[in-house]
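A.B. asks: Okay, here's the prediction I keep looking at, along with the sequence it came from:
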Amino acid sequence: EVQLVESGGGLVQAGGSLRLSCAASGVTFDDYIIGWFRQAPGKEREGVSCFDGADNSTVYADSVKGRFTISSDSAKSTVYLQMNSLKPEDTAVYYCAAGLWELVSLHEYEYDYWGQGTQVTVSS
């Protein structure tokens, strides 16, 4: 059974940092891509970043490039999203997802499993 559990969300001031964690069970990083998505109130869910453990490739949405970094600790079966220079527009529920796919992707339809999400709120 695949389980994804996010943690690390919270309230932070603009310019601050947070690190989100996604503890994954039932998946191997060599076979699955792990992505981070977010959904702000009244908006559609959007892809933020993705990591492919097979070749350590990554991809980022333009809106977070240079500010967010995705990484993994295979020994802990955990994927992290380090978020720096946070902006109020980064406020959203952040989800991690796993997909049995060969390439990094920010498309929802390529993901099979989803976590419950963690709230990130950035105050101005």
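C.D. replies: Alright, I've got the coordinates.

A.B. asks: This structure: strands as residue ranges?
C.D. replies: Along the chain, counting by DSSP state E, strands occupy 3-7, 10-13, 18-25, 33-39, 46-52, 57-60, 68-73, 78-83, 92-99, 113-114, 118-123.

A.B. asks: Can you verify my assumption that Leu106 contacts Thr58?
C.D. replies: No - judged on C-beta atoms under 8 Å, Leu106 makes no contact with Thr58 at a distance of 10.9 Å. Backbone N, C-alpha and C define where each C-beta goes, glycine included.

A.B. asks: Which neighbours do these two have in common?
C.D. replies: Both Leu106 and Thr58 are in contact with Ser49, Cys50, where contact means C-beta atoms under 8 Å, 6 or more residues apart in numbering.

A.B. asks: what about the two, which has more around it?
C.D. replies: Counted by other C-beta atoms under 10 Å, Leu106 and Thr58 do not tie: Leu106 has more neighbours, with 17 against 14.

A.B. asks: Please report how far the nearest residue to the more buried one once chain neighbours are set aside lies from Ser74.
C.D. replies: In this structure, Leu106 finds its nearest non-sequential neighbour in Gly47, 2.7 Å apart by C-beta to C-beta, 6 or more residues apart in numbering. Gly47 is 22 Å from Ser74, where distance means C-beta to C-beta, to the nearest Å.

A.B. asks: and the two? which has more neighbours close in?
C.D. replies: Neighbours around Gly47 and Ser74, counted as other C-beta under 10 Å, are more numerous at Gly47. The numbers are 21 against 12.

A.B. asks: picking that back up, could the strands of the chain go into JSON lines alongside mean pLDDT?
C.D. replies: Formatted as JSON lines, these follow (pLDDT from 0 to 100):
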{"stretch": "strand 3-7", "mean pLDDT": "97"}
{"stretch": "strand 10-13", "mean pLDDT": "98"}
{"stretch": "strand 18-25", "mean pLDDT": "97"}
{"stretch": "strand 33-39", "mean pLDDT": "97"}
{"stretch": "strand 46-52", "mean pLDDT": "97"}
{"stretch": "strand 57-60", "mean pLDDT": "97"}
{"stretch": "strand 68-73", "mean pLDDT": "96"}
{"stretch": "strand 78-83", "mean pLDDT": "98"}
{"stretch": "strand 92-99", "mean pLDDT": "98"}
{"stretch": "strand 113-114", "mean pLDDT": "98"}
{"stretch": "strand 118-123", "mean pLDDT": "98"}
